[in-house]
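Novice: quick one: sequence plus predicted model below, questions after.
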Amino acid sequence: MSTQVFYFVATLSIIFSLMVIFAKNPIHSVLYLILTFFTFTVHYVLLNAQFLAVVNFIVYMGAIMVLFLFVLMLLNLNKETEPSKSPLIKIIGVIAGGCLAVTLIGSLKSASITSPLILKNQELGLVENLGKELFGPFLLPFELSSLLLLAAMVGAVLLSKRDEVEA
């Protein structure tokens with residue numbers, strides 16, 4: 001059952017990622033990218049990595065992709081305002097696409113499809129274990145990074161604060 005779900009979701013991932021590339025409308029492309037990230041979330045759940053699934057769902061699908069969608073809607077892209085591409089850029093694009101195709105073909109030839117991955121430790125990827133590691137041996141770097149983020153946030157607020165003009 002699990003392998004059938006994996007192959008179904010993997011097929012959906014490939015289809016949606018191809019639709020991201022081949023969609024003519026950039027808004028549709030972003031919506032297909034959101035669907036692609038959703039299939040990645042399902043993959044994380046199948047791999048028993050619940051924390052990564054939740055982070056992928058909230059951060060990528062919820063924040064970044066919605067931001068992309070709003071930016072594209074605000075840009076109001078028109079074909080009249082978009083400059084035409086030079087032949088050199090088109091040639092470079094074809095070469096880059098060919099290199100990508102060669103890399104994909106080589107990686108597919110070297111990969112061997114075997115039985116599905118069965119984890120030796122079924123508790124791997126659980127949020128509880130991540131918390132134990134994060135607040136155990138990595139407590140000091142975790143707290144230092146939180147202080148660094150706090151300092152960056154205070155600095156951003158101070159930089160954006162307008163100076164009061166004395167009358």
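Specialist: Thanks, I have it. Numbers count the residues shown, from 1 in each chain.

Novice: what pLDDT does residue 115 get?
Specialist: We note a pLDDT of 57 for residue 115 in this prediction.

Novice: and residue 84, by the same measure?
Specialist: With respect to pLDDT, residue 84 scores 72.

Novice: next, name the residue at the spatial heart of the chain.
Specialist: Relative to the mean C-alpha position of the chain, the nearest C-alpha, by Cα atoms, centre = their mean, is the one of residue 60, at 5.5 Å.

Novice: helices along the protein, start to end?
Specialist: Ranges of helices in the chain, per DSSP state H, are 2-22, 26-46, 50-55, 65-75, 87-110, 127-134, 139-160.

Novice: show me which helix or strand of this structure is least confident by mean pLDDT.
Specialist: The weakest-scoring helix or strand in the chain, judged by mean pLDDT, DSSP states H and E, is helix 65-75 (a mean of 74).

Novice: now that one: buried residues?
Specialist: Buried positions in helix 65-75, judged by neighbour count with 16 or more other Cβ atoms under 10 Å: 65, 68-69. Where you see a C-beta, it was placed from the backbone N, CA and C, and this is true even at glycine.
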